[in-house]
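Colleague: Got a predicted structure here, sequence first:
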Amino acid sequence: MRRRSLLIAVPAGLVTLAACGDDKSDTSESGQSATPSASATSAAPPPKIVDGPLPAITAGAKFGQKPTVAKGSGEPSKQLAVKTVVAGGGKTVAEKDYVVVNYLGQIWNTGKVFTTSYESGTPEAVQLAQGAIFDGWRYALTGKKTGSRVLFSVPPTWGYGTQGNEQAGIKGDDTLVFVVDVQDTFNAKSSAKGTQVAQDTMDLPKVGTNTDGKAPSIDIPKADAPKKLVANYVIEGGGATVAADDSVLVQYKGVQWGNGKEFDSTYGRGQLTSFSLEQVVKGWSQGLTGKKVGSRVLIVIPPELGYGDNPPQGSGIEKGATLVFTVDILAKM
């Protein structure tokens, strides 16, 4: 099983995607919970950003390398100490963006590493939004550019607070030290990025190929809906392949085959969404498994892999509806 994300709070499942009758939660790896999650978000005023003090990176100093960080020396700052160790030249990170990062976190006084993504070889996507991550991360990374390595320390005020995190061995007065490699950033205007694939099957919907952050069009043909699942590339990305137990960050729009009515869309809400493929309807999990990050995928879901005769109340989805989605896979989480 894929290890649980260490940095983000469990996202609220969307009504129109959640699997019916599935109340399973990912609690099998409870030891992986020492993270800057929403539960640790403080109500403190913004910190002052200062230059130090900060411990040295003693090995793995280059962007993307697993770092080794010295134990803190002396008293840490009571404010947020932030240093850009490697300055990237990519996109600027804004608050509420989802950032794709590799990271390491340790305790100032002891040097004990309590969380890292470098061991897995897979970066994670986290949202820099209040309620999604604790404030030290939001303030330290906002304004940085992709391609940057950022070293920063987070005192309890903008971290776990006076309660600490007993499970991770973090006390209420511990300052935390992080190294974060910012690989990419996404917002509500993000789109797929790849090579267009011919849509030459006449009896399947045609999906727009615009990548300007606006919702792609979905044109339903005057034909019977397919009886089996369809999951075709519209734009084929060049990223990692999505596994059945991955979580993904996406843009999407859904319409019904029979009447063409839109019933759900991240574009309409102006907000990306993320979810585990183990917690959505079978048509989504089967349709996205094996597809590449960066892609736009047309998914046509027959009723038995969607909601059948029990659509979510208030969704506007008709009983027995065949559902049509365009999905941009922005990142794995």
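Modeller: Received the coordinates, thanks. Numbers count the residues shown, from 1 in each chain.

Colleague: how much space between the residue nearest to Ala188 when sequence neighbours are not counted and Ser190?
Modeller: Nearest non-adjacent residue to Ala188, counting by C-beta to C-beta, 6 or more residues apart in numbering: Gly270, 4.8 Å away. Glycine gets a C-beta too; all of them are placed from N, C-alpha and C. Relative to Ser190, Gly270 is positioned 12 Å away (C-beta to C-beta, to the nearest Å).

Colleague: ok, these two, which is more surrounded?
Modeller: Taking neighbours as other C-beta atoms under 10 Å, Gly270 and Ser190 compare with Ser190 leading, 21 against 10.

Colleague: phi, psi of the more buried one?
Modeller: phi -80, psi 150 (degrees, to the nearest 10).

Colleague: same check, this time on Tyr103
Modeller: Torsion angles at Tyr103 (phi, psi; degrees, to the nearest 10) stand at phi -150, psi 160.

Colleague: isn't it right up against Glu119?
Modeller: No - taking contacts as C-beta atoms under 8 Å, Tyr103 lies outside contact range of Glu119: 11.2 Å.

Colleague: neighbour count winner among these two?
Modeller: Legend: neighbour count by other C-beta under 10 Å for Tyr103 and Glu119, higher for Tyr103 (24 against 10).

Colleague: Low-confidence stretches in this structure?
Modeller: Per-residue confidence for the chain (pLDDT under 70) gives these ranges: 1-43.

Colleague: Tally up the residues packed near Ala331, please.
Modeller: Ala331, neighbours per other C-beta under 10 Å, totals 25.

Colleague: same check, this time on Gln279
Modeller: Applying other C-beta under 10 Å, I find that Gln279 has 20 neighbouring residues.

Colleague: List the buried residues for stretch 64-71?
Modeller: Neighbour-count burial for stretch 64-71 flags 67-69 (criterion: 16 or more other C-beta atoms under 10 Å).

Colleague: now stretch 149-160
Modeller: Quick answer for stretch 149-160 (16+ other C-beta under 10 Å): 149-160.

Colleague: What of stretch 284-300?
Modeller: Buried residues in stretch 284-300, counted by 16+ other C-beta under 10 Å: 284-288, 291-300.

Colleague: quick one on the thing from earlier: for the buried residues of stretch 149-160, which one is nearest Gly89?
Modeller: Nearest to Gly89 among those: Arg149, at 12.8 Å, using C-beta to C-beta.

Colleague: The closest one against Val180, yeah?
Modeller: Yes - contact criterion C-beta under 8 Å: Arg149 and Val180 qualify, at 7.2 Å.

Colleague: Show me the beta-bridge partners of Glu236.
Modeller: Taking DSSP bridges as the rule, Glu236 bridges to Thr195.

Colleague: Count the neighbours of it for me.
Modeller: Glu236: 17 surrounding residues under other C-beta under 10 Å.
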